[in-house]
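> Give me a 3D structure for the following:
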Amino acid sequence: MASKTLLLAAVAVFSLSLPTAVSSLECSYVFPEFQNPRTCLEYDLTTLSTYGPYNITPNGPTGFRYLIKICDLASTDRPDACASKPLAPAYAYNVETDECYALGNLKYDFAYPLDPTNSRAGIRVTYTNGDGGNGVWPRAIIYDLYCDTSGTVKTPEFSYEYPVDTYRFTWRTHYACPLVQTGRTCSLPKFNKTWDSLRFRTAPSWYGKEKFGIFVCLGLYSVPAYLNEWYWERLMTGDPRYVEFHNKNYGCSGVQPKKFPCTGPPFTFQDFAPMLKMELFDPDHWASVIKNAGAKYIVFTTKHHSGWTNFPSPQHWNWNSMDVGPHLDITGNLTASLRKQGIYVGLYHSLREWYHPLYLEDQKNNCSTTSFVDEVLMPTLKDMTLKYKPDIIWADGPGDAPCTHDSVKYWKTPEFFSWLYNESPVKETVLTNTRWGSNAVGSFMEGHDRFTPYTLIKNKWETPYTIQKSSWGYDRVEDLSSFWNTTHCLYILVTTVSCNGNLLLNIGPMADGTIDPLFEEILLEMGQWLTVNGEAIYNSIPWSHQNDTPAEDIWYTASEDWQNVYAISFRAPTPGGKLVLQQPRLTKQTTMTLLGADGITLDFTVDSDGGIHVHFPTNLPFAKLAGKGAWTIKMTNVT
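Predicted coordinates for the structure are as follows:
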C-alpha cells in the first residue's frame, strides 16, 4: 500500500514535467535486435527522456507505449552504468553484483514491474535488490500515451493492476499523435523473425479477463472412441490393447502379423475416414452448450497428430472432413455458430504428423531439411488463419525426436509469428500459446496437460484439463467413475483463476456429431454456478494470498481495483454456522455478503489469533446459491 501512495504522489509531478509544445525532433525505432532503425513518429522527448532513451511500440491505432531503458538511479555513484548498452525496452543495474543486464532476457520474458521514483526533471525508474517493497525482482510500470488533438496536456490517469505492484500511467496528449495526423507519413515498426523481437508483442487483454474456455477434441479417433486420441500411433507401435481390439472389431490392421495373427479383411486407420459421418452435427447446439457453460472461448481441434483436418485443406487432399467422411467444413460451420453467440474462437493445430512422408523424411535427415514445414505446415497454418480469422492459434505436438534438439528452428515458429503479427488479418487480435517448440514465446504460458500448480504464477498461463479422466477424444470404454464431477471441475477452475491461470476444460464429441449428455450436464452445472458466482471469476485478478494455508479448500480472487476480495470456499455454509478465514484483515469499512444470498449481510468477528469468523444466518436461501460444492463470500474493504 505504501508503494501505491508514493506513485499517486508522483503523478502530479509527472504531469507538471510534460512539455507544452510540439517539437520537430524525429525519433528512431529500434527493436531488441538493435538493428535497422526505422523512422516512426515525432515526439518532443526532451523532458521525458532525461533518463531515457525510450523504446516506442504501437499500442492500438492511436496509442503508443513507452518501455524505458532502466538503470539503478538510486545508486548515485553509477547513474550511467547501462549507458553503453544498446537501446532495449529495459535494462537493470544490480548494485550488489555491479552488472547491467537486459530485463527482456529473463527466464519469463519481460513481465516484471519496475519500481518508479519521481523527479521534476523527468521520470526515474529504479531497481534495487532486497526487501522493503522492492523485492528480489523489479516491478512493472507501463506508460501509455494516447492521442489528444485538443492541444492541452491533461492530467495523467493512474491505475493499479495485477501482478502485484504493477502500475499504469496514462496521458492523453498530442505528443502521442501519429505523424499522419499532422500531414506527414511514417512507417510503423514490424516484428522481426526473432524471439527478442516477438516477445514484446502486446497481447489482447480479453483473454486475461474471460478465464474459462472449452477444449473440443474431434477427429478420426472419435470413430473407434477407444481409450484415447492416440489410437493410430498406439495401433502402429503394437500396443496389444489397441491391436487386439482393432483386429477383432474392424479388420486386420496388418500390424506385427506374427505377434497378432488375423484372418479377417484388411482395415487400416485410414478406413475410419468414411465412418466419421457427423450426421447429427448441429453447430448451433454446440455453441449453445458452450455459451450455457459460462465459457467465453473455445479451442477446437482442426488437426491432431494424424494429419486429418476438420476443414478443407489443399495440403491434406482426401484426408480432411470435406473430401471424405461427413463432407463438411466442420471448423467453418462451428466458427460461424460460435461467433453468433459472442464466443471467441481458438483453433488447435498439431505441428507434427506422425506418418506424413515429408515429416518422416525430415526426421530421417535429423531435421536438417524442412520440407514438411515448408510444403505442408506453413501453408496450412496460413490458409487456416486467412479463412477463419481465429482469436487463438493453439499449437501442439512439436516434440518428436530428433527435432527436439532445436525444435523452434525446425518448425520455423518465429517466421510464422512474424507473418501472423505483421501481415495476417488477425495481426492485432490473435493470441498464441507456447507449444511451438523449445523456448517458444506466446501470448500465454501453456503448461503440460492437466497442469495444476496450486501456486501463483505471475505470467498469464492456462491449464488444459479433461472431464474424462484419461482421454481428450471421446472414450466409449470409460464409465461414470471415469468422469470428473462438477465439484472437481469447479475446484480446478477456482484454483487456476486464483493463481492467475485460465481453465480450458475439454470435451470429446462423438463421431455422429453429438455431445455425450454427461458432458452437457457438467457444463450446464458449471454455467449455473458461474451465473451466481461469476463476478469472483470473470475480470478478476489474483489477490495477495491465493488460499487459506490452514484450510486449503478456501481460495481467493480479487476485483481489478482490489476493492472486493472473494473467498471461494469448498465447505458448504450451514444455517447458523460459521467459516473461519485466516488471511484477510478487516478495516472499519469491511462488509461481507454471500453471492446468491439476496444481498444478506454476513456478521463476522475476530478471534484472538486474528482469524475472521464469518457467521451464516439461519435464513439463507440455499435454493439460489448454486453451490455445486463451492460458495463465494464477497468481502469489501479488506486488506
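> Which elements pack onto whichever helix or strand Val532 is part of?
Element membership for Val532 (DSSP states H and E) is helix 517-533. Applying 3 or more CB pairs under 8 Å, 6 or more residues apart in numbering; DSSP states H and E, we find helix 517-533 packed against strand 212-216, helix 283-292, helix 486-498, strand 501-507, strand 631-638. Where you see a C-beta, it was placed from the backbone N, CA and C, and this is true even at glycine.
> what would these look like in CSV with mean pLDDT?
CSV is the format used below for the helices and strands packed on helix 517-533 (pLDDT from 0 to 100):
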stretch, mean pLDDT
strand 212-216, 98
helix 283-292, 98
helix 486-498, 97
strand 501-507, 97
strand 631-638, 94
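> mind checking which of these is nearest His304?
Proximity to His304 (CB to CB) singles out strand 212-216 among the helices and strands packed on helix 517-533, at 11.8 Å.
> Show me the contact partners of the closest one.
286, 290, 293-301, 344, 346, 348, 464, 472, 493, 502-509, 523, 526, 530, 537-538 (CB atoms under 8 Å, 6 or more residues apart in numbering).
> heading toward the C-terminus, what's the first helix or strand past it?
helix 231-236.
> So which elements touch that following helix?
Packing contacts for helix 231-236, counted by 3+ CB pairs under 8 Å, 6+ apart, involve helix 240-249.
> in the helix it packs on, what's buried?
Neighbour counts using 16 or more other CB atoms under 10 Å place Tyr242, Val243, Phe245, His246, Asn247 of helix 240-249 among the buried residues.
> Closest one of those to Asp329?
Looking at the buried residues of helix 240-249 and their distance to Asp329, the nearest is His246, at 29.0 Å (CB to CB).
> Where does the prediction get shaky in the chain?
Low-confidence regions of the chain, defined by pLDDT under 70, span residues 1-189, 196, 199-200, 202.
> What segments of it are helices?
In the chain, the helices defined using DSSP state H lie at 2-17, 195-198, 206-210, 231-236, 240-249, 283-292, 330-340, 357-364, 371-372, 378-388, 407-411, 413-422, 486-498, 517-533.
> Turn these into TSV, including distance to Trp317.
What follows is these, written out as TSV (distance: least, CB to CB, whole Å):
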stretch	distance to Trp317
helix 2-17	59
helix 195-198	32
helix 206-210	34
helix 231-236	19
helix 240-249	26
helix 283-292	24
helix 330-340	17
helix 357-364	13
helix 371-372	15
helix 378-388	12
helix 407-411	23
helix 413-422	22
helix 486-498	40
helix 517-533	33
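> and the direction of the helix holding Val532 versus that of strand 501-507, what angle?
Here the directions of helix 517-533 and strand 501-507 differ by 150 degrees (axes from the mean of the first three to the mean of the last three CA atoms, to 10 degrees).
> Hmm, Val299 is touching Ile393, no?
No: look at Val299 against Ile393 with CB atoms under 8 Å: they stay out of range, at 9.6 Å.
> Quick check: neighbours shared by these two?
What both Val299 and Ile393 touch, as defined by CB under 8 Å, 6+ apart, is the set Gly346, Leu347.
> give the contact list for the spatially closest residue to Leu524 that is not a sequence neighbour.
For Leu524, ignoring the flanking residues on the chain, the nearest one in space by CB to CB, 6 or more residues apart in numbering is Asn292 at 5.8 Å. Residues in contact with Asn292 (CB under 8 Å, 6+ apart) are Leu523, Leu524, Gly527.
> Gln468 now?
Per CB under 8 Å, 6+ apart, neighbours of Gln468: Tyr474, Asp475, Glu478, Ser482, Phe483, Trp484, Asn506, Gly508.
> ok, the second one - how many residues close by?
Right, the one you point to is Asp475. 22 (other CB atoms under 10 Å).
> so how far is Leu360 from it?
Distance, Asp475 to Leu360, by CB to CB, to the nearest Å: 28 Å.
> same deal with the fifth one?
If you measure Phe483 against Leu360 using CB to CB, the figure is 37 Å.
> Show me which of these two is the more surrounded one.
For Phe483 and Leu360, the more surrounded residue by other CB under 10 Å is Phe483, and the numbers stand at 19 against 14.
> quick one, what contacts Lys469?
Residues counted as contacts of Lys469 (CB under 8 Å, 6+ apart) are Glu478, Ser482, Phe483, Trp484.
> repeat for Glu521
Applying CB under 8 Å, 6+ apart, we find Glu521 in contact with no residue.
> could you redo the buried residues of helix 240-249 as TSV and give each row distance to Trp419?
Compiled in TSV, those are given as follows (distance: CB to CB, whole Å):
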residue	distance to Trp419
Tyr242	39
Val243	42
Phe245	43
His246	40
Asn247	45
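> For Thr432, state which of those is nearest.
When those are compared for distance to Thr432 (CB to CB), Tyr242 comes out closest, at 32.9 Å.
> Enumerate every residue touching that closest one.
Residues near Tyr242 by CB under 8 Å, 6+ apart: Tyr226, Leu227, Tyr231, Arg234, Leu235.
> can you tell me how far it sits from Glu233?
Relative to Glu233, Tyr242 is positioned 9 Å away (CB to CB).
> Please apply the same query to Thr432.
In terms of CB to CB, Thr432 sits 26 Å off from Glu233.
> Trp354 too?
Distance of Trp354 to Glu233, given as CB to CB: 6 Å.
> one step back: if you count neighbours, what's buried in the helix holding Val532?
When burial is assessed from 16+ other CB under 10 Å, helix 517-533 yields the following buried residues: 519-520, 522-530, 532-533.
> Which of those sits closest to Lys211?
Nearest to Lys211 among the buried residues of helix 517-533, counting by CB to CB, is Leu530 at 9.4 Å.
> what about the residue nearest to the closest one when sequence neighbours are not counted, how many residues close to it?
Counting by CB to CB, 6+ apart, Gly294 is the residue found nearest to Leu530 once chain neighbours are left out, at 3.4 Å. For Gly294, the count of nearby residues is 23 (other CB under 10 Å).
> so Gly294 touches Val532, yeah?
No: contact status for Gly294 versus Val532: not in contact, 10.3 Å apart, counting by CB under 8 Å.
> Wait, Asp603 touches Ile612, no?
No: using CB under 8 Å, Asp603 is not in contact with Ile612, being 10.8 Å away.
> quick one: contacts for Trp461?
Neighbour list for Trp461: Phe444, Met445, Glu446, Gly447, Phe451, Asn500, Gly501, Asn502 [criterion: CB under 8 Å, 6+ apart].
> Mind picking the one among those that's closest to Leu280?
For the contacts of Trp461, the nearest to Leu280 is Asn502 (30.4 Å; CB to CB).
> residues in contact with that closest one?
Neighbouring residues of Asn502 by CB under 8 Å, 6+ apart: Tyr207, Gly208, Glu210, Lys211, Phe212, Gly213, Phe444, Lys460, Trp461, Glu462, Thr463, Thr496.
> Now with 6 Å, please.
Lys211, Glu462 (CB atoms under 6 Å, 6 or more residues apart in numbering).
> what is it paired to in the beta sheet?
Glu462 (DSSP bridges).
> now Thr636
Beta bridges link Thr636 to Asn564, Thr591, judged by DSSP bridges.
> wait, doesn't it sit right on Thr593?
No: contact criterion CB atoms under 6 Å: Thr636 and Thr593 do not qualify, at 8.3 Å.
> Great, nothing more from me.
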